[in-house]
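Q: Only the shape, not the letters, is given here:
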């Protein structure tokens, strides 16, 4: 389907950062977008042009209503890492998609997924969702496209990174310095999802999407230095230190789920997991990712000036 023909898109996860970027871009491009949220209206993020209904992925009827009349769906599962709950979400989505006869679902797996099964919930719950969707949509006529992003640049424009970058020139992140990573922004993820919704002949495919460059930690720091116009050095943060800080914001259970990715990368079990694919996905899905230094230049880093990570988190 051409991107110029308006779609009616059910977006699962639009009140989160990843799904929200997708919902906003779809609305900007003239598509009709709706989503669900458990949050009270006053606590929801601003989603111009997006219809938001109260509902829960854990209730089949709420998901059915979200998908009713939709032509397409974009799915991002919340930061939940309990297999039983995640499986129930995926089952509800698959049934709603079948019943509403949407043309295509694009599933954003939140992360890359290792080739072999692991004991990391952040990987295995996302692998489980893909399996449930494939099985639930089999012979239904509903196409499934999966995008697997690496690590988000937006993680670095955050209360726990922004102050140190601006005030000290330190880019601290829980990836080993030598791990090559195709850092991508939420906006470019949204471009990839929009491309996957519209591209011809990609049904059933899996794309390891990524940004314009695959960089080591020091190379990432060099790109930030160009964007900020000042020296920046990379420091590999220990995953357990990252997890402790994240737990103060997200709670220990969610923090452990997210940090599992970084514990795995620190183990060296699959060092190329977060690397780029030579631009293949970008070509097939017709999106152009920003260079890291260009992305850095566009962010309002001055908001972190003179602040500490602790004060920024509580602001």
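A: Nice, I can see it. Since the structure is predicted, the reported quantities are computational estimates derived from the model, not experimental observations. Numbering: from 1, shown residues only.

Q: contacts and neighbour counts: CA atoms only from here.
A: OK.

Q: Assess the claim that residue 292 and residue 221 are in contact.
A: No. In terms of C-alpha atoms under 8 Å, residue 292 does not count as a neighbour of residue 221; the distance is 9.9 Å.

Q: Show me the shaky parts of the stretch 151-300 of the chain.
A: The stretch 151-300 of the chain contains no residues with pLDDT under 70.

Q: Tell me where it has helices.
A: For the stretch 151-300 of the chain, helices defined by DSSP state H, counting those that start in this stretch occupy the ranges 162-168, 186-198, 217-228, 239-250, 252-267, 280-285, 292-298.

Q: can I get these in JSON lines with distance to residue 81 and mean neighbour count?
A: What follows is those, written out as JSON lines (distance: least, C-alpha to C-alpha, whole Å; neighbours: other C-alpha atoms under 10 Å):
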{"stretch": "helix 162-168", "distance to residue 81": "27", "mean neighbour count": "21"}
{"stretch": "helix 186-198", "distance to residue 81": "21", "mean neighbour count": "24"}
{"stretch": "helix 217-228", "distance to residue 81": "28", "mean neighbour count": "20"}
{"stretch": "helix 239-250", "distance to residue 81": "13", "mean neighbour count": "16"}
{"stretch": "helix 252-267", "distance to residue 81": "6", "mean neighbour count": "19"}
{"stretch": "helix 280-285", "distance to residue 81": "27", "mean neighbour count": "17"}
{"stretch": "helix 292-298", "distance to residue 81": "30", "mean neighbour count": "17"}
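
Q: do you know which of those lies nearest residue 174?
A: Across these, residue 174 has its closest neighbour in helix 239-250 (5.2 Å, C-alpha to C-alpha).

Q: Show me how far that closest one is from its chain's centre.
A: A distance of 19 Å separates the centroid of the chain from that of helix 239-250, by C-alpha atoms, centre = their mean, to the nearest Å.

Q: Would you mind measuring from residue 168 to residue 96?
A: Separation of residue 168 from residue 96 (C-alpha to C-alpha, to the nearest Å): 50 Å.

Q: cool, residue 181 as well?
A: 35 Å.

Q: now swap in residue 114 and tell me
A: On the measure of C-alpha to C-alpha, residue 114 and residue 96 end up 29 Å apart.

Q: More neighbours: which of the two?
A: A count of neighbours by other C-alpha atoms under 10 Å puts residue 96 above the other of residue 114 and residue 96, at 21 against 17.

Q: want to throw the helices of the stretch 151-300 of the chain into a markdown table with distance to residue 52?
A: What follows is these, written out as a markdown table (distance: least, C-alpha to C-alpha, whole Å):
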| stretch | distance to residue 52 |
| --- | --- |
| helix 162-168 | 31 |
| helix 186-198 | 18 |
| helix 217-228 | 36 |
| helix 239-250 | 24 |
| helix 252-267 | 25 |
| helix 280-285 | 27 |
| helix 292-298 | 29 |
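
Q: Quick check: which of the ones you listed is nearest to residue 304?
A: Using C-alpha to C-alpha, the helices of the stretch 151-300 of the chain put helix 162-168 closest to residue 304, at 4.9 Å.

Q: Against which helices or strands is that closest one packed?
A: In terms of contacts (3 or more C-alpha pairs under 8 Å, 6 or more residues apart in numbering; DSSP states H and E), helix 162-168 is packed against strand 170-173, helix 309-314.

Q: Show me what the first one packs onto, helices and strands only.
A: Helices and strands touching strand 170-173, by 3+ C-alpha pairs under 8 Å, 6+ apart, are helix 162-168, strand 233-236.

Q: Reformat those as a markdown table; add distance to residue 213.
A: Converted to a markdown table, the helices and strands packed on strand 170-173 look like this (distance: least, C-alpha to C-alpha, whole Å):
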| stretch | distance to residue 213 |
| --- | --- |
| helix 162-168 | 20 |
| strand 233-236 | 17 |
